[in-house]
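Trainee: Structure for this input, please:
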Amino acid sequence: MSASTTAHGQSSQQALLENYETLLSRVEYMHELANAEQWAELIDQRTSYVVLVEQLRELDATVVLDVPAQQRKAELLESILEHDVDIRRHLLARRDELGKLIGVTQRQRDLHRAYAPQQNAAASYSSDDTGSTEST
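Mentor: This is a model prediction of the structure:
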């Protein structure tokens, strides 16, 4: 392997590892957002995270890593996946919480629909009674 090929290989490896480090930073930030229940910002970050993962996948397919770089990549991936699992756990808990809230809202709406006609009828009976006492 020539010196220029080795240098290019080293710079490609470094670029790949830097992209993994960027991804780790992004997922750490997303983890903080999940812990703080900042759902809208988390979803915004998730979108750019997916784009970054796709770019990383393309770069990863073209770069051959030496053993130390493979080990570093494995460490970075492990950290990324640990954060990702915890973020997903937070998101599932939030989904369940929203599901309960939706269920409560639907029950309230159903109760309102069921009893609102009776309340309207009772109100008109009440106004009839009021009107008859006033005319007496």
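
Trainee: can we go C-alpha only for contacts and neighbour counts from here?
Mentor: Noted.

Trainee: so where is this structure shaky, pLDDT-wise?
Mentor: The chain contains residues with pLDDT under 70 at 1-8, 119-136.

Trainee: let's see it at 50
Mentor: 1-5, 134-136 (pLDDT under 50).

Trainee: Grab the most central residue of it for me.
Mentor: I43 (4.5 Å; C-alpha atoms, centre = their mean).

Trainee: In terms of helices and strands, where is that residue?
Mentor: Using DSSP states H and E, I43 falls within helix 39-60.

Trainee: Off-centre distance for that helix?
Mentor: 11 Å (C-alpha atoms, centre = their mean, to the nearest Å).

Trainee: Stretch 108-121 now?
Mentor: For stretch 108-121, the distance to the chain centre is 37 Å (C-alpha atoms, centre = their mean).

Trainee: Look up how far Q10 lies from L98.
Mentor: Per C-alpha to C-alpha, to the nearest Å, L98 is found 48 Å from Q10.

Trainee: So between these two, which is more surrounded?
Mentor: Per other C-alpha atoms under 10 Å, whichever of L98 and Q10 has more neighbours is Q10, with 17 against 12.

Trainee: so which strand or helix has the more buried one?
Mentor: helix 3-35.

Trainee: for K73, same thing?
Mentor: helix 67-135.

Trainee: Kindly report the same for E37.
Mentor: Under DSSP H and E, no helix or strand contains E37.

Trainee: from now on call the first residue 27
Mentor: From this message on, residue numbering opens at 27, which makes the last subject E63.

Trainee: Done for today, thanks.
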